[in-house]
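> model this:
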Amino acid sequence: MHRRPLLAAGAAGAAALLAAPALLRAQALEKPKLTLAVGGKNLLYYLPLTIAETQGFFKAEGLELSIVDFAGGSQALRAVVGGSADVVSGAFEHTVNMQAKGQRLRAFALEGRAPQIVLGINPRALPDFKSVADLKGRKIGVTAPGSSTNVMVNFILAKAGLKPSDVSIIGVGAAQGAVAAIRSGQIDAISNLDPVITLLVRSGDLKIVSDTRVVAEADKVFGGPMPAACLYAPQAFVDKHPATVQALANAIVRADKWVQRAGAGDIIKAVPESYLLGDRAVYIDAFLAAKGALSPDGMIPERGPQTAFHALASIDPEIAKAKLDLAAVYTNEFVKTANARYPKG
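Okay, here's the model as predicted:
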């Protein structure tokens, strides 16, 4: 007669024991519910973020994330500076740029070790294109003005002796709108990312001029390792919520390692259908092109901040004059702990 209640009590106790680690972890987090801003979540540039979400790595760390997607990284940056988001998944150079403007932001987990941004021209608009100098007076599409795609355009223009004012910059987003802008002739060139780039190249609508999906090419363009997508937050948030930041870093490191092990079939199953832009083969090609530029372990290279500063200083005299503490724009302490905790992801 008494065995059933005892069994039930035993089962309940076992369930409680199984749930305990997750419960303790959630209780230890200073802010388990938080808002993360990103600009162009569908991009391969942010693939580890999506994987951390779809594979349950954020939830496993006791986090409840509300991910808000914007048209470009500059808008995601504004969200965290304005206080409507806690953390950003965005381009590393924003941490350098904002320190020059008096805003202390710190990167703490890397998603991409090369920018993966491709500058290409519309062969119909520029059939006789020979060099970047031919872009003078032309319309160039970027994800959003002020975003990393815009920074790369300015940097490459500067190397060719052109100023940002020598071209017209137009925000076209990071999905079908960008594709339509090239195909309709709204823009003459584009600085964008995958899967948009692979789709346009395969259809003959884009000729590549500079390709930083290739790590060696990115290092050559920028003169050193140029960290790309990362998680960053205001320094005050990092100081106040170290356990929460650690949980975020754990999830991204696990996702970084998952991506490096993944094959084409794994990726197709793991991302939303809308990311594929209607063509699975294009997305697979884009993934294979981008995989080498994604971080294997979340670690930010020590020379990365200097490379980012050099790139920004070459196009912004105010940053060139600024005396910055580059060691303060990043930390690898959280990812070191994450790698020790999850050596295999």
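
> when you work out contacts or count neighbours from here on, use the C-alpha atoms and nothing else.
Fine.

> Lys136 - how many residues pack around it?
The criterion is other Cα atoms under 10 Å. On that basis, Lys136 has 15 neighbouring residues.

> wait, doesn't it sit right on Val167?
Yes. The criterion here is Cα atoms under 8 Å, and Lys136 meets it with Val167 at 5.6 Å.

> doesn't Ile187 fall inside a helix?
No. According to DSSP: H, G, I helix; E, B strand; the rest coil, Ile187 belongs to no helix; its state is coil.

> now do the contacts for the residue nearest to it when sequence neighbours are not counted.
Using Cα to Cα, 6 or more residues apart in numbering and skipping residues adjacent in sequence, the residue nearest Ile187 is Lys139, 5.0 Å away. Contacts for Lys139 (Cα atoms under 8 Å, 6 or more residues apart in numbering) come out as Val167, Ser168, Ile169, Ile170, Gln186, Ile187, Asp188, Ala189.

> neighbours of the second one, how many?
Looking back up the chat, that one is Ser168. By other Cα under 10 Å, neighbour count at Ser168 equals 15.

> give me phi/psi at the nearest residue to it once chain neighbours are set aside?
Leaving aside its chain neighbours, Ser168 sits nearest to Lys139 (4.6 Å; criterion: Cα to Cα, 6+ apart). Main-chain torsions, Lys139, degrees, to the nearest 10: phi -100, psi 120.

> check what pLDDT Lys139 gets.
What the model reports for Lys139 is a pLDDT of 98.

> strands of the stretch 201-345 of the chain, start to end?
Secondary structure of the stretch 201-345 of the chain, counting by DSSP state E, counting those that start in this stretch: strands at 207-211, 229-234.

> and the longest one, average pLDDT?
Translated: strand 229-234. Mean predicted confidence for strand 229-234 is 98.

> with just CA atoms, put it into CSV.
Extracted in CSV, the C-alpha atoms of strand 229-234 (Å, rounded to 0.1, in the frame of the first residue of the first chain):
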residue,chain,number,x,y,z
ALA,A,229,31.4,39.4,-34.6
CYS,A,230,31.6,39.2,-30.8
LEU,A,231,29.5,39.7,-27.7
TYR,A,232,30.1,43.0,-26.1
ALA,A,233,28.4,45.0,-23.3
PRO,A,234,29.0,48.2,-21.4
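
> pairing partners for that strand, with directions?
Paired with strand 229-234 in the same sheet, following DSSP bridges, are strand 87-91 (antiparallel), strand 105-110 (antiparallel).

> next: the shortest one.
Each strand paired with strand 207-211, and its direction, by DSSP bridges: strand 118-121 (antiparallel).

> still on that earlier bit, now render the contacts of Lys139 as TSV, adding distance to Thr244 and pLDDT.
What follows is the contacts of Lys139, written out as TSV (distance: Cα to Cα, whole Å; pLDDT from 0 to 100):
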residue	distance to Thr244	pLDDT
Val167	43	98
Ser168	41	98
Ile169	38	97
Ile170	37	97
Gln186	44	97
Ile187	42	98
Asp188	44	98
Ala189	41	98
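
> quick one: closest of the strands paired with strand 229-234 to Ser274.
strand 87-91 (19.5 Å; Cα to Cα).

> the following helix or strand past that closest one packs against which elements?
Later in the chain than strand 87-91, the nearest helix or strand by DSSP states H and E is helix 93-100. The elements that helix 93-100 packs onto, with contact taken as 3 or more Cα pairs under 8 Å, 6 or more residues apart in numbering; DSSP states H and E, are strand 105-110, helix 304-313, helix 317-321.

> same thing but 10 Å
helix 73-82, strand 105-110, helix 148-159, strand 229-234, helix 304-313, helix 317-321 (3 or more Cα pairs under 10 Å, 6 or more residues apart in numbering; DSSP states H and E).
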